[in-house]
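Participant: Compute the structure for the input listed below.
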Amino acid sequence: MTLLVVAEDHDDIRMVMARVLSRAGYTVVEAGDGAAALAAVREHAPAAVVSDIDMPVISGVDLCLAIRSDPATSQLPVIFVSGSLTPGDERPARAGATAVVTKPFTPQRLVECVREVLARHG
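Facilitator: Numbers count the residues shown, from 1 in each chain. Here you go, the predicted structure:
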């Protein structure tokens, strides 16, 4: 099974994301903040990271920058899932995000985005 790290500080949203992705056939490692997500990336070598942007300890942007700065993970796809982006927000591009899904999202949109990203980076 393809392993994903899901980083989201809101427990209910993280639970929904993990459940949706698990039902779509992915193995999910959950992280409640960016620091836990970075540790999970280093421990599990996932196929992709699905991350909120605004999180405590390490933000999703800083998580993505840390992933990009490490040669072992620099090509790892990072999908931002955020409700705080406004038109023209450059944070995803500056961080090197692979894709963005806006909140609220449909389960179908989340799974489609993950599948598309993994197909491109497989």
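
Participant: Tell me the gap between the biggest helix by length in the chain and the middle of its chain.
Facilitator: With secondary structure taken from DSSP state H, the chain has its longest helix at helix 107-121. Centroid separation for helix 107-121 versus its chain: 11 Å, with Cα atoms, centre = their mean, to the nearest Å.

Participant: quick one: contacts of that helix?
Facilitator: 2, 4, 17, 20-21, 24, 26, 47-48, 50, 75, 77, 79, 81, 98-99, 101 (Cβ atoms under 8 Å, 6 or more residues apart in numbering). Yep, even glycine has a C-beta here, placed from its N, CA and C like the rest.

Participant: could you dump that helix to CSV, C-alpha only?
Facilitator: Backbone C-alpha positions of helix 107-121 (Å, rounded to 0.1, in the frame of the first residue of the first chain) are rendered in CSV as follows:
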residue,chain,number,x,y,z
PRO,A,107,-13.5,13.6,-0.4
GLN,A,108,-13.4,13.0,-4.1
ARG,A,109,-11.3,16.2,-4.7
LEU,A,110,-8.8,15.2,-2.1
VAL,A,111,-8.4,11.6,-3.4
GLU,A,112,-8.2,12.9,-7.0
CYS,A,113,-5.5,15.3,-6.2
VAL,A,114,-3.4,12.7,-4.3
ARG,A,115,-3.8,10.3,-7.2
GLU,A,116,-2.9,12.9,-9.8
VAL,A,117,0.2,13.9,-7.9
LEU,A,118,1.3,10.4,-7.3
ALA,A,119,0.8,9.5,-11.0
ARG,A,120,3.0,12.5,-12.0
HIS,A,121,5.7,11.7,-9.4
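
Participant: Ends of stretch 79-99, what's the gap?
Facilitator: Separation of the first and last residues of stretch 79-99 by Cα to Cα, to the nearest Å is 5 Å.

Participant: that older thread, kindly give a single ChimeraX line that selects the buried subset of the contacts of helix 107-121.
Facilitator: With 16 or more other Cβ atoms under 10 Å as the burial test, the buried ones among the contacts of helix 107-121 are selected in ChimeraX as follows:
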select :2,4,17,20,21,24,26,47,48,50,77,79,81,98,99,101
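
Participant: now, which of the contacts of helix 107-121 lie within helices?
Facilitator: Using DSSP H, the members of the contacts of helix 107-121 that fall within helices are 17, 20-21.

Participant: Kind regards, and thank you for your time.
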